[in-house]
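# here is a sequence together with a model predicted from it:
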Amino acid sequence: MSRIGFVGFGEVNTPVEVVARKCAAAEAALRAEGLELLSVYPIADDEGETQIAHAVAELKREPFDALVVCVAGWIPAHAVIKVTEHYRHLPMVLWGLCGWYEGDRLVTTADQAGASGLRAAFEGLGYRFRYVYDVVGKPCKSGAVAAYCRAASAARELLHAKVGMAGYRDMNLYGTLYDGISLKQKTGVEIETFELLELQQRYDRIPEAEKRSVVEARMGRWHFLKPADEGTMMKAAGYYLAAAGIAGERGYSALSLKDVDGMKKLCGFPPAPVFMLLSEDGYPTIPENDSLGAVTQLMIRRLTGQLGGYLEFYEFFAHSVLAGVPDFIAADMIDGDAYTVLPATFGALSQGILNVSPVRTGTVTMCRLTCERGRYVMQMLLGEGKTPPKWEECGWEQPAPQLSALEIEIADVERFAERVACQHYIIAYGDQREPLRNLCRILDIEILEL
């Protein structure tokens, strides 16, 4: 739950009971949105500034992720800024309330005079804030305020988040690279690498009984379209236990493994079932050392609670894209109660356990954090995910599997194709553009909506 500071202001000549009533209603609306508040109100510009001093002292009692500045009436700017200056390092919401009707007569406490008088001052002082104003006769905008506060909490959580990455730069790809210093400065996320040798050494020490337990209790719930080789199942369980052990000990929030030139080439094992088991544990996972893809997943996880699974592009059509995976999908993307899997071989690789689960359809947000000429940019677009036509990727043993995929209808395929940043994009269900906008504004990341 987000912990948020809440301060309510009204000028000393406005009836204090009116300011208190309006602030209390705004506070209750935010609590109904699920926020935990540390509240101080009403605060006025009294001559000795005792109320300002009281507010500053009260707010210091507990830490919080953002500060809601609730303007319930006219207030001289200096009275507000003497409080907010203590929290200029935090995201804020400048929330102007509104008047009300008594019969056919509008009664106002000049909320928007106070709030509009502060907006430019906040901007000039370099605050990171969102300006929200209520409208007479309409529902209050507590939802918009709460959404920004949740994004502030997500930004705070990212400051200490770590992505665990076995190996680096699979297949010598360019689109999966990152710069550690600038990424840490901009998002707070640390990408911590560990060697595949460590994964293998841990795998070698795992008792057969522990592997067997995973095979029976976890993989036994999957829907197998045909029986899998016993050795393949045990390998999957062993590598999963090794990876999960490393992640748990080091506090990783997401994981990526060197796939083609790592697990497949050096360990002789396609890691799709390892990713599936980690995903069931709640880890966002992505293959091929996709650094910024993993960071995007963390953002989605913190903002929405979804795992933010990846899909990659196979075909562009006139009004849609075919986006699928050659290995696995996130646990919360499957259309069903458990994974549907198929033992299969691709090219010269040894047999793997391929995820062929149908993918949930519906409205999706496709997004990806990118770095363009030294600037971090969040690309995002809305689409409608539909069941794809029958298709196959050339190279699989026949009969070729129907890979997990969506055909995603988007507004302008050509415009998207002109700016597409990588073969991997992160998928979140529903329209998640506003949460992403809020987070990117807080982190000072440019937004590109396609």
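Cool, got the structure. Numbers count the residues shown, from 1 in each chain.
# these two touch, right, S357 and I334?
Yes - assessed by CB atoms under 8 Å, S357 is found in contact with I334 at 4.2 Å. Where you see a C-beta, it was placed from the backbone N, CA and C, and this is true even at glycine.
# overlap in contacts of those two?
Shared contacts of S357 and I334, defined by CB atoms under 8 Å, 6 or more residues apart in numbering, comprise T340.
# name the residue closest to the centre of the chain, please.
In the chain, the C-alpha nearest the mean C-alpha coordinate belongs to I300, at 1.7 Å (CA atoms, centre = their mean).
# any idea how far Y425 is from that one?
For I300, the distance to Y425 equals 11 Å [CB to CB, to the nearest Å].
# how about the longest helix belonging to the chain: buried residues?
Using DSSP state H, we find that the single longest helix of the chain is helix 230-250. By 16 or more other CB atoms under 10 Å, the buried positions in helix 230-250 come out as 232-244, 246-247.
# still on that earlier bit, sec struct for the residue nearest to the residue nearest to the centre of the chain when sequence neighbours are not counted, please.
Counting by CB to CB, 6 or more residues apart in numbering, G308 is the residue found nearest to I300 once chain neighbours are left out, at 3.3 Å. State at G308, reduced to three classes by DSSP: H, G, I helix; E, B strand; the rest coil: coil.
# ditto for L118
Applying three-state DSSP: L118 is helix.
# pLDDT weak spots in this protein?
Where the chain drops to pLDDT under 70, the residues are 1, 346-351.
# which stretches in it count as helices?
Using DSSP H, the helices assigned to the chain run over residues 16-32, 50-59, 77-84, 111-124, 142-158, 180-187, 196-205, 208-217, 230-250, 265-266, 272-280, 291-304, 413-419, 433-443.
# which stretch among those helices comes nearest R130?
Across those, R130 has its closest neighbour in helix 142-158 (4.7 Å, CB to CB).
# buried set for that closest one?
For helix 142-158, by 16+ other CB under 10 Å, it's 142, 144-158.
# same deal with stretch 305-312?
Neighbour-count burial for stretch 305-312 flags 306-312 (criterion: 16+ other CB under 10 Å).
# and the gap between Q51 and Y41?
Distance, Q51 to Y41, using CB to CB: 9 Å.
# now swap in K82 and tell me
For K82, the distance to Y41 (CB to CB) stands at 15 Å.
# OK, contacts around I52?
Applying CB under 8 Å, 6+ apart, the residues contacting I52 are 43, 45-46, 79, 82-83.
# mind doing that once more with 7 Å?
43, 79, 82-83 (CB atoms under 7 Å, 6 or more residues apart in numbering).
# what is the nearest of the buried residues of helix 142-158 to L183?
For these, the closest approach to L183 (CB to CB) belongs to L158, at 10.6 Å.
# chain neighbours aside, what residue packs nearest to the closest one?
Distances taken as CB to CB, 6+ apart place G188 nearest to L158, at 4.6 Å, with adjacent residues excluded.
# give me phi/psi at that neighbour?
When quoted as degrees, to the nearest 10, the phi and psi of G188 stand at phi 90, psi -10.
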